[in-house]
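Undergrad: predicted model and sequence below, questions to follow.
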Amino acid sequence: MGTENQGFPARTASSPFASAPPPGAAPQSGGPATGSETVGFRPFPPSASQPTRPFTPSGPPMAPPVGAMRPVQSPLVSQIPGVRPPPPSSNSFPSTAYGPPGGGSFQRFPSPPFPAAQNPPRGPPPTQTLAGHLSPPMSLRPQQPMAPVTMGPPPQSMTSGGNAPPPAIQQSMPPVNPSYSGGVGLQPSFPGYPSKQVLQAPPMPFQSASQGPPTTVSSYPPQVGGFPQHPNLAAQQNLHPSYAPPPSNVQGLVEDFNSLSLSNIPGSLEPGLDHTSFPRPLDGDVEPNSFAEMYPMNCHSRYLRLTTSAIPNSQSLASRWHLPLGAVVCPLAEAPEGEEVPLIDFGSTGIIRCRRCRTYVNPYVTFTDSGRKWRCNICSMLNDVPGEYFSHLDATGRRMDMDQRPELTKGSVEIIAPTEYMVRPPMPPIYFFLIDVSISASKSGMLEVVAQTIKSCLDNLPGYPRTQIGFITYDSTLHFYNMKSSLSQPQMMVVSDLDDIFVPLPDDLLVNLSESRNVVEAFLDSLPLMFQDNVNLESAFGPALRAAFMVMNQLGGKLLIFQNSIPSLGAGRLKLRGDDPRVYGTDKEYALRVAEDPFYKQMAADCTKFQIGINVYAFSDKYTDIASLGTLAKYTGGQVYYYPGFQSSIHGDKLRHELARDLTRETAWESVMRIRCGKGIRFSSYHGNFMLRSTDLLALPAVDCDKAYAMQLTLEETLLTTPTVYFQVALLYTASCGERRIRVHTAVAPVVTDLGEMYRQADTGSIVSVYTRLAIEKTLSAKLDDARNAIQQKIVKALREYRNLHAVQHRLGSRLIYPESLKFLPLYGMSICKSTPLQRGAADASLDERCAAGFTMMALPVKKLLKLLYPNLFRVDEWLLKPSADHDDLKDVLRRLPLAAESLDSRGLYIYDDGFRLVLWFGRMLSPDIAKNLLGTDFAAELSRVTLQEQENGMSKKLMRLIKKVRETDPSYHPMCFLVRQGEQPREGFLLLRNLIEDQMGGSTGYVDWILQLHRQIQQNA
């Protein structure tokens, strides 16, 4: 394209092969052949034969040098009026000369697939064809299209020969837009006339290519936009955004970023883009694996995920990285079977640690002095190797016993701690239950479900036979229960003085479960009956909490609170603040989302000090001030479970599963966690549910596999001089079996000087986790609008900085560009803004619902959080009609769909799954036979009154097996199943439509508008 010009046809070459360039002349940077500027056009049907051209599989096709013999020209390239030639390369030459400059090395400057709308050239400059001859004026007669060319690999001699330029590549393509604006509509051959063919283009694949030395093979897919399309490949365009031809080692300046063209169709206000081609995480959370391959001895990313696996070498470079620099840590994440963390006992040797920085021995320490000393990888201190730990080194400096030492080969280990790591003897697992027994708790069925679930879990509580258990119930008075093993029935003691709490029989309220098992079971059997006729409306929650603290503060443990109404008596009583719509949008708005009474934060601090972790189960259908109650869980490392409008017939299964999971999952007791990192950097802020005991020590009274913590890094030194930085997470805890243990995770990351490398190694999942926590924290001190705007501005700054990196070398025009690693970041950013804690005003979510979601999301690991932000949507009716095996893999069975209303077909049955609820959406025109098979005789009833139960037919059993599999993929929460039929309002809107986050709902921005907003803001100061 570099030598073609609008308005004049090129003279036909006498040979289909281009001749070699004259000596000393560098080939011209050609860019894509004209006609490939827009992606996704259907080629013309095959007609007359055309010379087959070699194909260059990486980067845009190349134009031949001036003076070379040209292959037969397609009328679609040289005879299109209004096609604008690309600009000259950086070593510029006079504008009238269209040949390449003399000398210089071979480089290729691709023109972008969707350049910005520019003013077309005013006059057609001459076109050079053979040895500088001018071509005659172009004929305007329509010409027959040429047959498309099959894509294929080039001959080896064409791609491997140093600077030899590849021959020109021609395409059978429709004419491109005469104004060269980058719109994707089909345009006529005459500029200035409106076209009747302005159609929405088919989905365009994303463009990406590799950049670097000629021998480097990048892990990013090559550019798609500039390649001719074979008719047989048309269907493949819709397979996946990352579809691309195979990479090549051809030299050249190639785009190593993805892009979306966002220009308008000429003569139209509609953007010329296809939203179906936008990036969507339909494969879920894809962890970056290049980092794991580079450092195979790192701990697995399920335990530690950095926001970028390339650490900046200077504060100035870090300041240009506008994304969070930090990590997400899930120290006790569940490992798949066969990948358990090895348990190590150093015995009499003692734990091997650095004398100075207290780093634990790990795979990255080095041994010197014939094995008698080891060098700490974090502070470089030389330490003596204890005699019992000594081993000779081989010729490479490797210990001879390396393979027998998991701590020297594995990134994650668990070390048994000796007595010097204990302030007191290891505590037994303790479960204490604080249960509201007011009238609403009894009427809703909550008491019965809780009592039955606790009883069913007694055999599976961890720590047998050391486990201890106790109970307090309360309404307007406090009820203590003596469960001494010598009793046949528990003794109930009532304390009505709420101002001066005392604990009767303090030694018999917390009992050993194995000794008092019969008494405990008798109490749980009688609990629902004891209060079934209770008409007390009051809740003395504050005094009951103090009483529980007095019982537990000798040992610590886990306190489970079941609260059914707003605390109304004694210390900690709360007012009905409610949802006042007038407060939203004012400076007083955030006060609704923080604890009203300092009593709760003070109690949380006291509980943490005495190793008491609190989980809050809230059930009321009225306002209960979760903002205050949740503070107890936030600062003690616990979590909040919220069941608005609880009814045992509807929510019973969810409560049973989640309470059982809470009671039986492995828990780390009386824990503290610290993260050490290399010289020159430190973790400066921490985000999650915990209490910060010192600048870098997290106090976690009870932690488990479902808790994650985010943190941000700061560079302390102006310049890092080391080539790598090491991180080590250490969790010191008491296991349920009574052992004191240290869980250690070690990882290394390279230090880089290139901002582009930081972007390439970015981890979207980790970045989104940090952003979510930062946004939720901001809602506690600012308006919701401010929190949403902060997220948007962070993404804009990051993508603008990335654009500036490439603006000099590439013509970006009206494209939104982003690295492959962050292609889902804009969508997840929008999802955060539409999530329950941040979504718009009082009408979108109740205050309690907002706060409960915030407390939950602050603790979620990366995968669960991403699923909540961009849930699964499957179509299942077609699969239910097919015969299939019982052991179908979910990914084979179900294909995720974009979260937009256009994904829903009224003839289909769909499942929406965000990890917390399942919604079955029945299309209005779904076959009645399917509905009858799944719902039985209720298939025509209003679905709000129907419960999904297994019917006596294969289709129903198949669906129930599928739902069971979906629930088993993430046992931490039990998603409730809701049924809704198309058109059933307001349930359809509440359960599904408002969760289709790509659509505009209730004044919120849709995906297309969000992308355009980002792009406009990026271009403002780019």
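TA: Looks like it came in fine.
Undergrad: ok, which stretches of the stretch 851-1000 of the chain are helices?
TA: Under the criterion DSSP state H, counting those that start in this stretch, the stretch 851-1000 of the chain contains helices at 862-869, 877-881, 890-893, 928-935, 954-968, 987-991.
Undergrad: of these, flag the one that's most buried.
TA: helix 862-869 (a mean of 22; mean count of other C-beta atoms under 10 Å). For glycine as for every other residue, the C-beta is placed from the backbone atoms N, C-alpha and C.
Undergrad: so how far is that helix off the chain centroid?
TA: 6 Å (C-alpha atoms, centre = their mean, to the nearest Å).
Undergrad: ok, residues contacting that helix?
TA: Helix 862-869 is contacted by residues 281, 284-285, 305, 328, 330, 706, 708, 765-766, 768-769, 772, 828, 831-832, 835, 857, 860, 913-916, 970, 972 when judged by C-beta atoms under 8 Å, 6 or more residues apart in numbering.
Undergrad: what average pLDDT does it get?
TA: Helix 862-869 carries an average pLDDT of 95.
Undergrad: with stretch 571-578 instead?
TA: Throughout stretch 571-578, pLDDT has a mean value of 85.
Undergrad: returning to what we had before: mind checking which of the helices of the stretch 851-1000 of the chain is nearest Val423?
TA: Nearest of these to Val423, taken as C-beta to C-beta: helix 862-869 at 32.9 Å.
Undergrad: low pLDDT regions in the chain?
TA: For the chain, applying pLDDT under 70 flags the ranges 1-273, 290, 578-579, 807-813, 884-893, 1021-1022.
Undergrad: for the most centrally placed residue in it, phi and psi?
TA: With distances taken as C-alpha atoms, centre = their mean, Gly765 lies nearest the centre of the chain, 3.2 Å away. The phi/psi pair for Gly765 (degrees, to the nearest 10) reads phi -60, psi -40.
Undergrad: skipping its backbone neighbours, what lies nearest it in space?
TA: Excluding the flanking residues, the one nearest Gly765 by C-beta to C-beta, 6 or more residues apart in numbering is Val862, at 4.4 Å.
Undergrad: part of a strand, is Val725?
TA: Yes - the assignment for Val725 by DSSP: H, G, I helix; E, B strand; the rest coil puts it in a strand.
Undergrad: on that earlier part again, so the residue nearest to the centre of the chain touches Leu306, yeah?
TA: No - counting by C-beta atoms under 8 Å, Leu306 is not a contact partner of Gly765; they are 10.8 Å apart.
Undergrad: mind exporting stretch 700-717 as PDB, just the C-alpha atoms?
TA: Presented in PDB, the C-alpha positions along stretch 700-717 are these (Å, rounded to 0.1, in the frame of the first residue of the first chain):
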ATOM      1  CA  LEU A 700      -6.300 -13.400  62.600                       C
ATOM      2  CA  PRO A 701      -8.000 -15.200  65.600                       C
ATOM      3  CA  ALA A 702      -9.600 -17.800  63.200                       C
ATOM      4  CA  VAL A 703      -8.700 -18.100  59.600                       C
ATOM      5  CA  ASP A 704      -9.700 -20.700  57.000                       C
ATOM      6  CA  CYS A 705      -9.400 -21.600  53.300                       C
ATOM      7  CA  ASP A 706     -12.200 -19.200  52.200                       C
ATOM      8  CA  LYS A 707     -10.400 -16.000  53.400                       C
ATOM      9  CA  ALA A 708      -8.100 -13.800  51.200                       C
ATOM     10  CA  TYR A 709      -6.300 -10.600  52.000                       C
ATOM     11  CA  ALA A 710      -5.100  -7.900  49.600                       C
ATOM     12  CA  MET A 711      -2.100  -5.600  50.200                       C
ATOM     13  CA  GLN A 712      -0.200  -2.900  48.400                       C
ATOM     14  CA  LEU A 713       3.500  -2.500  47.900                       C
ATOM     15  CA  THR A 714       5.700   0.600  48.200                       C
ATOM     16  CA  LEU A 715       9.200   1.200  47.000                       C
ATOM     17  CA  GLU A 716      11.300   2.500  49.800                       C
ATOM     18  CA  GLU A 717      14.400   3.200  47.800                       C
END
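Undergrad: quick check: next helix or strand after the helix or strand containing Ser628?
TA: According to DSSP states H and E, Ser628 maps onto helix 626-634. Next along the chain after helix 626-634, taking DSSP H and E as the criterion, comes strand 640-642.
Undergrad: other residues contacting that next one?
TA: By C-beta under 8 Å, 6+ apart, strand 640-642 touches 615-618, 626, 629-630, 633, 655, 658, 662, 848-849, 852-853, 855-856.
Undergrad: 6 Å instead?
TA: Contact with strand 640-642 is made by Val616, Tyr617, Ala618, Gly630, Ala633, Glu658, Ala852, Phe855, as judged by C-beta atoms under 6 Å, 6 or more residues apart in numbering.
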